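Engineer: coordinates only, sequence not included:
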């Protein structure tokens, strides 16, 4: 099983600097975030060579949350070499997430 790392305000820029990275802006108290977690775990296992998935807890990293204007969770932002490509708000199925990602990269 691929491990999904957590990034913080201090580690965020380095964590998304290279390659394609899907960032899950999440919170421990968020029900939809908990429902999305197994979907992301499954994608991380299947797509480990195509892109990485990381998480940012918005309560622990308010600077990153504010920088990317995260207003609700879960919010997923796809980055390539540190540049945001697309944003998705709310839960999605595995197929819908993969379709959205493949439409951009």
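Structural biologist: Yep, it's here. It should be emphasised that the depicted structure is a prediction, and the values quoted were computed from it without experimental measurement.
Engineer: Assign residue 70 to helix, strand or coil.
Structural biologist: coil (DSSP: H, G, I helix; E, B strand; the rest coil).
Engineer: If you tally nearby residues, what's the number for it?
Structural biologist: Residues within reach of residue 70, counting by other CB atoms under 10 Å, total 22. (C-beta placed from N, C-alpha, C; glycine too.)
Engineer: is it true that it touches residue 25?
Structural biologist: Yes. Assessed by CB atoms under 8 Å, residue 70 is found in contact with residue 25 at 4.7 Å.
Engineer: Partner strands of the helix or strand where residue 54 lies, with direction?
Structural biologist: Following DSSP states H and E, one finds residue 54 within strand 52-57. Using DSSP bridges, strand 52-57 pairs in its sheet with strand 5-7 (parallel), strand 20-26 (parallel).
Engineer: Just say which of the ones you listed is most tucked in.
Structural biologist: Stretch with highest mean neighbour count among the strands paired with strand 52-57: strand 20-26 (a mean of 22; mean count of other CB atoms under 10 Å).
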